[in-house]
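# Any chance you could fold what I've pasted below:
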Amino acid sequence: GQPLRVARGGIALDLPVAYHYDTLTADYSRQVLPLSPSGREHIAELAWRGSLWNGAILASAFYRSQPGHRRSAPAETGLGISWSSGF
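Okay, here's the model as predicted:
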């Protein structure tokens, strides 16, 4: 799967870049901050559900490349196991 992300765009801010104490005024410059990420996150998960020892068991494993849509971020892997039983 591919989580939602910004494809392109940015935000323009008029920010102070200098201050003149003699006139008590500031100089402003437009700074554009890009909102589009450097990478594209991909997620894969494999899950299994069954019964074990008079209860329910759920196991899953996942792999995530470029987490957070950051190209330089290392891939993440994980494993989860859950077991429940009623009384």
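# Now for this structure, the helix or strand with the poorest mean pLDDT.
Here the helix or strand of the chain ranked lowest by mean pLDDT, DSSP states H and E is strand 42-52, holding a mean of 91.
# So what are the sheet partners of the helix or strand following it and their directions?
Remark: after strand 42-52, the chain's next helix or strand is strand 55-65, criterion DSSP states H and E. Next to strand 55-65 in the sheet, as set by DSSP bridges, lie strand 42-52 (antiparallel), strand 76-84 (antiparallel).
# Now do strand 55-65, average pLDDT.
Taken as a whole, strand 55-65 carries a mean pLDDT of 94.
# Residues touching that strand, excluding its own?
With Cβ atoms under 8 Å, 6 or more residues apart in numbering as the test, strand 55-65 has contacts from 41-51, 75-86. C-betas here are computed from N, CA, C, even on glycine.
# just to revisit the earlier point, list the buried ones in the least confident helix or strand of the chain?
Residues of strand 42-52 include none that count as buried (16 or more other Cβ atoms under 10 Å).
# Extract the CA atoms of that strand and return them as PDB.
Only the C-alpha atoms of strand 42-52 are listed here, as PDB (Å, rounded to 0.1, in the frame of the first residue of the first chain):
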ATOM      1  CA  HIS A  42       5.600   1.600   0.700                       C
ATOM      2  CA  ILE A  43       4.100  -0.800   3.200                       C
ATOM      3  CA  ALA A  44       3.600  -4.500   3.000                       C
ATOM      4  CA  GLU A  45       2.000  -6.700   5.700                       C
ATOM      5  CA  LEU A  46       1.300 -10.300   6.100                       C
ATOM      6  CA  ALA A  47      -1.200 -11.400   8.800                       C
ATOM      7  CA  TRP A  48      -2.500 -14.800  10.000                       C
ATOM      8  CA  ARG A  49      -5.300 -15.600  12.500                       C
ATOM      9  CA  GLY A  50      -6.000 -19.000  14.000                       C
ATOM     10  CA  SER A  51      -6.800 -20.800  17.300                       C
ATOM     11  CA  LEU A  52      -4.200 -22.000  19.800                       C
END
